[in-house]
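[1] please work out how this folds:
(2 chains)
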Protein chains: 2
Amino acid sequence: MSTDTKQFGRIALVGIGLIASSLARIIRRGDLAEHVAVTARTQASLDTAAKLDLADSFTLDAAEAVDGADIVIIATPMGAYGTVIESIKGALKPGAIVSDVGSVKGSALADLAPHIPDGVHLVPAHPVAGTEHSGPESGFTELFEGRWCVLTPAAGTDQAAIDAIADLWAATGANIEIMDAEHHDLVMAITSHLPHLIAYTIVGTATDLEQTLRNEVIKYSASGFRDFTRIAASDPSMWRDVFLNNQDAVLEMLQRFTEDLTAMQRAIRRGEGDTLFDLFERTRTIRRGVIDAKQA
Amino acid sequence: MSTDTKQFGRIALVGIGLIASSLARIIRRGDLAEHVAVTARTQASLDTAAKLDLADSFTLDAAEAVDGADIVIIATPMGAYGTVIESIKGALKPGAIVSDVGSVKGSALADLAPHIPDGVHLVPAHPVAGTEHSGPESGFTELFEGRWCVLTPAAGTDQAAIDAIADLWAATGANIEIMDAEHHDLVMAITSHLPHLIAYTIVGTATDLEQTLRNEVIKYSASGFRDFTRIAASDPSMWRDVFLNNQDAVLEMLQRFTEDLTAMQRAIRRGEGDTLFDLFERTRTIRRGVIDAKQA
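    So this is what the prediction gives:
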């Protein structure tokens, strides 16, 4: 056993899905923590995590997992935050840092901040990365490389605590950004939440087609549809919670999208080729931006 | 010079974009034709095609290109079909086969069939493959491998002509399907045209955001949005023509999609988590179908 000082002390992961299991693999690979404790809602998840050797200890008791932890990462669906913080708040040690990985930050602050004990720090985080796969077996160490991790600490948060969470995510290969929670939620509404909502919807529309046509949709999906099916295969619990927690920003962006779609529909119905061409031409600028930003 | 009999005689390609230039590369690689003639609307396209050695002869005069051709492939945007067939119909030799590669087949039949001379065969085709890139330099020989090519000949079309076009596309690695034109257009409305319309729309919605927010959308595009930007970078002329030519089927599918999106919006506004979860859960079935069909 090494007696070197590790970069991080004791880390507790609450939940062990795609994000937390990827983080756990990175921590284990780099031997970055004194101890990694994992807690999950089901024994099956813990068993899988243990089989994959993702942590030093495994327990169904969240309070036990966070006991003595320097850093606690809440990585459950956002709908469980209330239950989680209730169950761990009594076990958090003074100076501990609580963070999360949820896709909506306004509600993360609202759900967690009131329950954080004095002397414990809250630094919400959102690693902007993912795949359509979920569960502890789906994680991998490259998930965050070159992606962004957005931290949304409230004003006045302890700088050392912010730095510690920034260091943890920097160790995954992510780039760190600090942002206001409300602004984060608006940006994510258009870049992530609305695209997922639309993908779920169009795949749902196809699901409602008569059987023969539905089979043909699958057969010919390479013509555009398949990209939507991949996005729409994402974890339903996680996405339910995203839409419930980022309601206002999503509805605002959805309203704008619907107006634009109605304009498209009118141009098609009226046979306005020039209008359609202009609309299709201008979207290329953003694509070039995405490629230039190396996010393609 | 080889004196062996080639699989195909003289082939004329009218237009030399992504699809035709990929087909040309395949024909040249396999030495499948006696002669490949290319005609295009601009000298620049012809120059690029010549530099890439995509054909034996190059001409701005479409009639000259199809003179003596056994197979003529129209591969222009669909809006040009009327002009193209007018300019070549007098030069088509008896027994020639005219085909195309357009994404809408009802309008292809309607635009071309009335102008096809007696003794010339019309076999419309749609290779269901593509990328977001366009132009002669963007083609590649693997584009059609494992994808579908749908032929939509009218009832009573000469079987040998159908077989010849099927053989040509089979040589690209595509799987061949014969389908009624109207049914083809309905299937493509949901698998291809609606996804493209939605992608163009959401990227357009993002384009209208204020500058700062738009830059952040690009920065964080890996969270879902980037897949839409790729689809929305497709050729504007081609897609304008698709929507003008498949108006009815697209408007029908768009109507269904809009109804489903409204239901989503209502569930979000009312905070109906169970409804959202059920909608998100059932779309996974189609994704499994896409993966099982090896189209993922």
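[2] is the longest helix along chain A anywhere near chain B?
    Identified as the longest helix of chain A according to DSSP state H is helix A:247-270. Yes. Looking at helix A:247-270 against chain B by C-beta under 8 Å from any C-beta of the partner chain, the contacts come from A:247, A:250-251, A:253-254, A:256-258, A:260-261, A:264-265, A:268-269. For every residue, glycine as well, the C-beta is placed using N, CA and C.
[3] residue contacts, residue A:158?
    Neighbouring residues of residue A:158 by C-beta atoms under 8 Å, 6 or more residues apart in numbering or on different chains: residue A:121.
[4] got phi/psi on it?
    phi -50, psi 120 (degrees, to the nearest 10).
[5] quick one: low-confidence residue ranges for chain A.
    Applying pLDDT under 70 to chain A picks out residues A:1-4.
[6] mind listing the helices for it?
    Assigned by DSSP H, chain A shows helices spanning A:18-30, A:43-51, A:62-66, A:81-88, A:106-112, A:159-170, A:181-188, A:194-207, A:211-219, A:225-231, A:236-245, A:247-270, A:273-282, A:284-292.
[7] need those helices in CSV (columns: distance to residue B:79).
    Formatted as CSV, the helices of chain A follow (distance: least, C-beta to C-beta, whole Å):
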stretch, distance to residue B:79
helix A:18-30, 45
helix A:43-51, 55
helix A:62-66, 62
helix A:81-88, 54
helix A:106-112, 47
helix A:159-170, 50
helix A:181-188, 38
helix A:194-207, 26
helix A:211-219, 26
helix A:225-231, 24
helix A:236-245, 40
helix A:247-270, 14
helix A:273-282, 7
helix A:284-292, 19
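[8] state the distance from residue A:159 to residue B:44.
    58 Å (C-beta to C-beta, to the nearest Å).
[9] check residue A:238 too.
    In this view, residue A:238 and residue B:44 are 49 Å apart by C-beta to C-beta.
[10] check residue A:121 too.
    Residue A:121 is 62 Å from residue B:44, by C-beta to C-beta.
[11] repeat that for residue A:218.
    To residue B:44, residue A:218 is 40 Å away according to C-beta to C-beta.
[12] comparing these two, which shows the higher neighbour count?
    Neighbour comparison, residue A:218 and residue B:44: the larger count goes to residue A:218, with 22 against 11 (by other C-beta atoms under 10 Å in any protein chain shown).
[13] nearest spatial neighbour of that one, skipping sequence neighbours?
    Leaving aside its sequence neighbours, residue A:218 sits nearest to residue B:289 (C-beta to C-beta, 6 or more residues apart in numbering or on different chains; 4.1 Å).
[14] report how many residues lie close to that neighbour.
    20.
[15] go on, residue A:67?
    17.
[16] could you find the closest non-adjacent residue to it?
    Residue A:67 sits nearest to residue A:91 (C-beta to C-beta, 6+ apart), 4.9 Å away.
[17] I'd guessed that neighbour sits against residue A:64; true?
    Yes. Using C-beta atoms under 8 Å as the test, residue A:91 is close enough to residue A:64 to be in contact (7.5 Å).
[18] quick one, which of those two is more surrounded?
    Between residue A:91 and residue A:64, counting by other C-beta under 10 Å, residue A:91 is the more crowded of the two (19 against 15).
[19] against residue A:85, how distant is the more buried one?
    11 Å.
[20] what does residue A:239 give?
    The gap separating residue A:239 from residue A:85 is 22 Å, by C-beta to C-beta.
[21] with residue A:49 instead?
    Residue A:49 is 22 Å from residue A:85, where distance means C-beta to C-beta.
[22] returning to that earlier point: how far off helix A:236-245 does the longest helix of chain A point, in degrees?
    100 degrees (axes from the mean of the first three to the mean of the last three C-alpha atoms, to 10 degrees).
[23] which neighbouring elements make contact with helix A:247-270?
    Judged by 3 or more C-beta pairs under 8 Å, 6 or more residues apart in numbering or on different chains; DSSP states H and E, helix A:247-270 is in contact with helix A:181-188, helix A:194-207, helix A:273-282, helix B:194-207, helix B:247-269.
[24] export those as JSON lines, with columns for distance to residue A:78 and mean neighbour count.
    Shown next, in JSON lines, are the helices and strands packed on helix A:247-270 (distance: least, C-beta to C-beta, whole Å; neighbours: other C-beta atoms under 10 Å in any protein chain shown):
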{"stretch": "helix A:181-188", "distance to residue A:78": "12", "mean neighbour count": "22"}
{"stretch": "helix A:194-207", "distance to residue A:78": "14", "mean neighbour count": "25"}
{"stretch": "helix A:273-282", "distance to residue A:78": "35", "mean neighbour count": "18"}
{"stretch": "helix B:194-207", "distance to residue A:78": "24", "mean neighbour count": "25"}
{"stretch": "helix B:247-269", "distance to residue A:78": "14", "mean neighbour count": "18"}
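[25] residue A:53: which of these is closest?
    Ranking the helices and strands packed on helix A:247-270 by their distance to residue A:53 (criterion: C-beta to C-beta) puts helix A:194-207 first, at 32.0 Å.
[26] contact partners of the closest one?
    A:214, A:217, A:225, A:228-229, A:231-232, A:234, A:239, A:242-243, A:250, A:253-254, A:257, B:190-191, B:194-195, B:198, B:202, B:223-225, B:227-228, B:253, B:256-257, B:260-261, B:264, B:268, B:279-280, B:282-283, B:285-287.
[27] please redo it, this time with the cut-off set to 6 Å
    Residues outside helix A:194-207 that contact it (C-beta atoms under 6 Å, 6 or more residues apart in numbering or on different chains): A:217, A:228-229, A:231-232, A:239, A:253, B:190, B:198, B:224-225, B:228, B:256-257, B:260-261, B:264, B:279-280, B:282-283, B:286.
[28] can you report how many residues neighbour residue A:211?
    7.
[29] roughly how far does it sit from residue A:220?
    If you go by C-beta to C-beta, the gap between residue A:211 and residue A:220 works out to 15 Å.
[30] check residue A:95 too.
    Taking C-beta to C-beta, one finds residue A:95 at 58 Å from residue A:220.
[31] what of residue A:97?
    Using C-beta to C-beta, we find residue A:97 at a distance of 50 Å from residue A:220.
[32] how about the closest residue to residue A:146 other than its chain neighbours, phi and psi?
    Distances taken as C-beta to C-beta, 6+ apart put residue A:173 closest to residue A:146, at 6.5 Å, once the chain neighbours are dropped. Dihedral pair for residue A:173: phi 100, psi 0, per degrees, to the nearest 10.
[33] do the same with residue A:174
    Dihedral angles (degrees, to the nearest 10) for residue A:174: phi -80, psi 160.
[34] what number of residues lie near it?
    Here the number of neighbours of residue A:174 (other C-beta under 10 Å) works out to 22.
[35] now for it: which residues touch it?
    Applying C-beta under 6 Å, 6+ apart, the residues contacting residue A:174 are A:127, A:144, A:147, A:149.
[36] with adjacent residues omitted, what lies nearest to residue A:293?
    Once flanking residues are discounted, residue A:293 sits nearest to residue B:218: 5.2 Å by C-beta to C-beta, 6+ apart.
[37] for the residue nearest to residue A:146, the count of nearby residues, please.
    16.
[38] I'd say it and residue A:147 touch.
    No. Residue A:173 is beyond contact range of residue A:147, at 7.9 Å (criterion: C-beta atoms under 6 Å).
[39] ok so, going back, okay, residue A:95 and residue A:220: which has more neighbours?
    residue A:220 (25 against 12).
[40] quick check: the more buried one touching residue B:129?
    No. With contact defined as C-beta under 6 Å, residue A:220 does not count as touching residue B:129 (10.4 Å).
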